[in-house]
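# Please work out how this folds:
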Amino acid sequence: MQKRLIVLLISIMLLTMTACGNKSLESANEAIAEQTDVEDEPKADLTEDNGESNEQEIITFSDGELRWKLPEQFEELEDEEGIYVHKSYPKDISTVSYIILENDSSFTDITKEEFQSMLEDDIYDTYGDEVDVIVNKYEKGKLNDRNTLRIDFEFQFKGTDYEQIEIIIFNGDETHIINYMQEKGGKWSEEFEKSISSMSFAQ
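Okay, here's the model as predicted:
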């Protein structure tokens, strides 16, 4: 499995955030589908927003035994499985994505410089835009004895500054990748961290 698949996911999110173009997003999804199998995940229902302060239903995921909570007020983008947006989208363009890649090699050996170069090259190849990626955190770790990689980075794209957290978890013959993206200085950093800290594998 090619490591470039990891940064292809970022292209999908950028298409969601900047263009809101269904055809472009569909094409990006098809590009990934040609290279890997994505596990289906259950679509959870959110409580209806009726203007009252109702407590949101807790949403968890169990694909590949990974369980985690979606940030509050985020819901699955219609007809785009694995991509989640704030319920006020497109007014708020913050995005979360979740994908499982079937592979038998760990992506957690990617170097900071390699990731940065791949992302810059991928955005250039896809959009023709030269960007400078700043990696603020590059942290290897463990989650229930599984190798993990957390990458916090930021970049400017088409006049907008973005910040993103990418979590990569190697689970034997599959890799789980969860991305959290918002405009730089956005208000969802705390919710993103809560979502990350909720991750665990069923024992």
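# And the next helix or strand past the lowest-mean-pLDDT helix or strand in the chain?
For the chain, scoring each helix and strand by mean pLDDT, DSSP states H and E identifies helix 22-33 as the least confident one, at a mean of 39. Sequence-wise, the next helix or strand downstream of helix 22-33 (DSSP states H and E) is strand 66-67.
# So for the helix or strand that that following strand is followed by, what gets flagged as buried?
As assigned by DSSP H and E, the chain's next helix or strand after strand 66-67 is strand 74-76. Within strand 74-76, the residues that count as buried by 16 or more other C-beta atoms under 10 Å are 74-76. To be clear about C-beta, it is placed using only N, CA and C from the backbone, and glycine gets the same treatment.
# Would you mind pulling up the elements that strand 74-76 packs against?
Helices and strands in packing contact with strand 74-76 are listed as strand 83-86; criterion 3 or more C-beta pairs under 8 Å, 6 or more residues apart in numbering; DSSP states H and E.
# counting contacts, what elements does the strand it packs on pack onto?
For strand 83-86, the helices and strands in contact under the criterion 3+ C-beta pairs under 8 Å, 6+ apart are strand 74-76, strand 95-102.
# got those strands as JSON lines, with distance to Val135 and mean pLDDT columns?
As requested, the helices and strands packed on strand 83-86 are arranged in JSON lines below (distance: least, C-beta to C-beta, whole Å; pLDDT from 0 to 100):
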{"stretch": "strand 74-76", "distance to Val135": "25", "mean pLDDT": "92"}
{"stretch": "strand 95-102", "distance to Val135": "19", "mean pLDDT": "87"}
